[in-house]
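Asker: coordinates for the following, if possible.
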Amino acid sequence: MTKREPVAGIQPELLRWARETVGLSIDEAATMSKVSPADVTAWETGDDAPSYVQLEKLAYHVYKRPLAVFFLPTPPNETSPQGEFRTLPETEMQSLTRDTYLQIRRAHAYQLSLEEVFDGRNPAGEQIWKKLTLSQSEPVAEQAQRVRDALGITLEQQTEWKSDDQALKQWRKAVEDGGVFVFKASFKQADISGFCLIDKSFPLIYLNNSTTKTRQIFSLFHELAHVLLSVNGLSKFDQRYIEDLPQAEKKIERFCNAIAAEVLIPAADFMQCAARLPRNAELSSERDFSELASRYGVSREAVLRRLLDQGRVSQSFYRHKADLWASQKKESTGGSYYLNQGAYLSDRFAREVVGRHYRHQLSLEQAADFLGIKPRSFAGFEERILQGAGA
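Answerer: Have a look, this model is predicted:
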C-alpha cells in the first residue's frame, strides 16, 4: 500500500465519532483536513477511506486522537459534554468550539494523572466536599460562611490582599488545600469562564486564564459550589444564558452564583461599605465601583450585581455597565513560558510530580509527560514551581 491509497480496516463509525467529539461539522473537518466535504462524508459512510497521510492529519492535527483508535471495532466509551454538563442550554452546548472540547478532554486526562501520581488517594488532610455539602433549600449566607470557614480565610485577611493576582493565588491555594485541584488554560472560546468535573477522590476545577483575575476568582467559587453540590458545571462569562435553562438547572446556576457572591462579598459587610453610595447607586462614580471591587478582590460587575440585588440600580443600567466593562481590554497572558505553564497547572499536582522525579519515582520523560512539557524544558519549569509560579 502506498501513502496515497485508501487505508483498509478503518471503521467509518470511528471517523464520525472522532469528528463529533471535538464539535466539528463536516465542512469544518474538511477545511482543516484540506479536503472536500464530500470526501469526509464518503469516509464516514464507508463509501471511501482516507489515505495514510490524510488519516495522520485527521488523527494528529484535527481530531487529536491516537492513530490506532480508528481501527477499533467500536468507539471508546466516553461521556460527551452534552451528557456531562447540564448547566448550559442546548443551543449553547451546540456552540462549543473544538478547543473547548479539547480542554474538557484534557481535564479528564489530568484527573487520570492525579489518580496515578497520588496513588489513588487525595493528599488533602480534610477534603472539603466530604466535610461540607451545599443545599439549595438552606440560607445562602449561612452556607457561604461555612465555605469560608472551611477554607480558613477571614474577611480581614481578604481585604488586606494588595492585588487581584494575590487574591487569586490565595483563594486558589485554599481550595487546593481542601483537596480540589485547580487547573487553568487560555481558552480560544473566550466566553467560557470555566468548568468543573466532580469525582469521589479528585474533583477538578478548570478556569479560563484568558479572563481577568477577578473573573477567575468568581468562576473558582461558582465551580466550587458545583463541586459541593456534586454537579458537573460548565459556565460562560455572560450570565444571560441562565435564563434559557430548564427550571431545575436555572435554580442551580443562580444558587452557585449566589454562593460565590456571598463568599466573596459578604452581604452584611457590603451593606455597611455601600451605605456611603447614593441611594440611587447609578449616580455613583467609576471610582466608587472600583474601590468596592478592590476591597473584596472582585470585578466591578460583581459589585454592581450586589447593588442590583439590593434594588439600587436597574437591570438596564447593570447590563449596560457590565457590557461596557466586559468590552474593555482584558489582562495580558504573555510573559515567561515557565511562569504561564506553572500557573496553568494545579500547584499541588506540579509539586508532587517534580518531587517524585527527584525521589527517583518518575523518570524525566514521565515527569515531563505529566506536566505537558518537553523533557528539555523540565529544569526551567521546576525552578519556577519551586519559586512559586503565581496565580
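Asker: tell me the phi and psi of Ala185?
Answerer: With angles defined as degrees, to the nearest 10, Ala185 sits at phi -160, psi 160.
Asker: ignore the last one, Lys64
Answerer: Dihedral angles of Lys64 (phi, psi; degrees, to the nearest 10) stand at phi 50, psi 50.
Asker: that one contacts Gly23, correct?
Answerer: No: taking contact to mean CB atoms under 8 Å, the distance of 11.9 Å between Lys64 and Gly23 leaves them out of contact. (Glycine included, C-beta is placed from N, CA and C.)
Asker: between those two, which is the more surrounded one?
Answerer: Counted by other CB atoms under 10 Å, Lys64 and Gly23 do not tie: Gly23 has more neighbours, with 22 against 16.
Asker: any idea how far that one is from Lys188?
Answerer: When distances are taken as CB to CB, to the nearest Å, Gly23 and Lys188 turn out to be 12 Å apart.
Asker: got any ranges where this structure has weak pLDDT?
Answerer: The model of the chain has pLDDT under 70 over residues 1-3, 329-342, 387-391.
Asker: the longest helix in it is where?
Answerer: Longest helix in the chain by number of residues, with DSSP state H as the criterion: helix 98-117.
Asker: quick check: next helix or strand after that one?
Answerer: Using DSSP states H and E, the helix or strand that follows helix 98-117 towards the C-terminus is helix 128-131.
Asker: what comes into contact with that next one?
Answerer: The set of residues that contact helix 128-131 without belonging to it, under CB atoms under 8 Å, 6 or more residues apart in numbering, is 150-151, 175, 178-180, 198, 203, 227-228, 230.
Asker: can you list the buried residues in that helix?
Answerer: Of the residues in helix 128-131, those scored as buried under the neighbour-count criterion (16 or more other CB atoms under 10 Å) are 128-129.
Asker: same thing with stretch 16-32?
Answerer: 16-24, 26, 28-30, 32.
Asker: can I get the contacts of helix 128-131 in CSV including secondary structure, neighbour count and distance to Ile192?
Answerer: Putting these into CSV (DSSP: H, G, I helix; E, B strand; the rest coil; neighbours: other CB atoms under 10 Å; distance: CB to CB, whole Å) gives the following:
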residue, secondary structure, neighbour count, distance to Ile192
Ala150, helix, 18, 27
Leu151, helix, 20, 25
Val175, helix, 24, 19
Gly178, coil, 25, 24
Gly179, coil, 21, 24
Val180, coil, 28, 19
Ile198, coil, 17, 18
Pro203, coil, 27, 19
Val227, helix, 26, 18
Leu228, helix, 25, 21
Ser230, coil, 12, 22
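Asker: ok so, going back, mind putting the buried residues of stretch 16-32 in CSV, secondary structure and distance to Leu168 included?
Answerer: Supplementary listing: the buried residues of stretch 16-32 in CSV, determined by DSSP: H, G, I helix; E, B strand; the rest coil; distance: CB to CB, whole Å:
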residue, secondary structure, distance to Leu168
Arg16, helix, 41
Trp17, helix, 38
Ala18, helix, 36
Arg19, helix, 36
Glu20, helix, 35
Thr21, coil, 32
Val22, coil, 30
Gly23, coil, 29
Leu24, coil, 33
Ile26, helix, 41
Glu28, helix, 34
Ala29, helix, 37
Ala30, helix, 41
Met32, helix, 35
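Asker: same list, the residues you listed, but as JSON lines with distance to Gly46 please.
Answerer: Listed next are the buried residues of stretch 16-32 as JSON lines, based on distance: CB to CB, whole Å:
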{"residue": "Arg16", "distance to Gly46": "10"}
{"residue": "Trp17", "distance to Gly46": "14"}
{"residue": "Ala18", "distance to Gly46": "15"}
{"residue": "Arg19", "distance to Gly46": "15"}
{"residue": "Glu20", "distance to Gly46": "16"}
{"residue": "Thr21", "distance to Gly46": "19"}
{"residue": "Val22", "distance to Gly46": "21"}
{"residue": "Gly23", "distance to Gly46": "23"}
{"residue": "Leu24", "distance to Gly46": "19"}
{"residue": "Ile26", "distance to Gly46": "15"}
{"residue": "Glu28", "distance to Gly46": "21"}
{"residue": "Ala29", "distance to Gly46": "16"}
{"residue": "Ala30", "distance to Gly46": "17"}
{"residue": "Met32", "distance to Gly46": "21"}
